[in-house]
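K.L.:
When you get a sec, could you give me coordinates for this:
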Amino acid sequence: MLEGKEKKLLLDLVNAQSIVDGITAVDIFIKGFRLGDRIAIEVMSDEDGCLREIT
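P.N.:
Predicted structure coming up:
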């Protein structure tokens, strides 16, 4: 079992990875939401063009 400094370092690493995972999940959600929005706009649009970049 880990004790002392090693245990604290492991907990710090796990916490840092959790933060990165949360940021990644939000980023993926935003990209998926924007893609869905672009598809909906294209379907509802009368224009005959390509999807444009939404920034």
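
K.L.:
and the helix or strand harbouring Phe29, which residues are buried?
P.N.:
Phe29 belongs to helix 5-44 when assigned by DSSP states H and E. By neighbour count, and taking 16 or more other CB atoms under 10 Å as the criterion, helix 5-44 has no buried residues at all. (C-beta placed from N, C-alpha, C; glycine too.)

K.L.:
Report the distance from it to the chain centre.
P.N.:
A distance of 3 Å separates the C-alpha centroid of helix 5-44 from that of its chain, computed with CA atoms, centre = their mean, to the nearest Å.

K.L.:
and the gap between Phe29 and Glu42?
P.N.:
20 Å (CB to CB, to the nearest Å).

K.L.:
Equivalent analysis for Lys7, please.
P.N.:
Using CB to CB, Lys7 is found at 53 Å from Glu42.

K.L.:
If I look at Asp46, what pLDDT would I see?
P.N.:
In this prediction, Asp46 carries a pLDDT score of 69.

K.L.:
before we move on, what about Thr55?
P.N.:
Here the pLDDT value assigned to Thr55 is 69.

K.L.:
Could you do Gly4 as well?
P.N.:
At Gly4, the pLDDT value in this model is 93.

K.L.:
burial of it, as a residue count?
P.N.:
Neighbour count of Gly4, defined by other CB atoms under 10 Å: 7.

K.L.:
State the phi and psi torsions of it.
P.N.:
Listed backbone geometry of Gly4 is phi 60, psi -130, with angles given as degrees, to the nearest 10.
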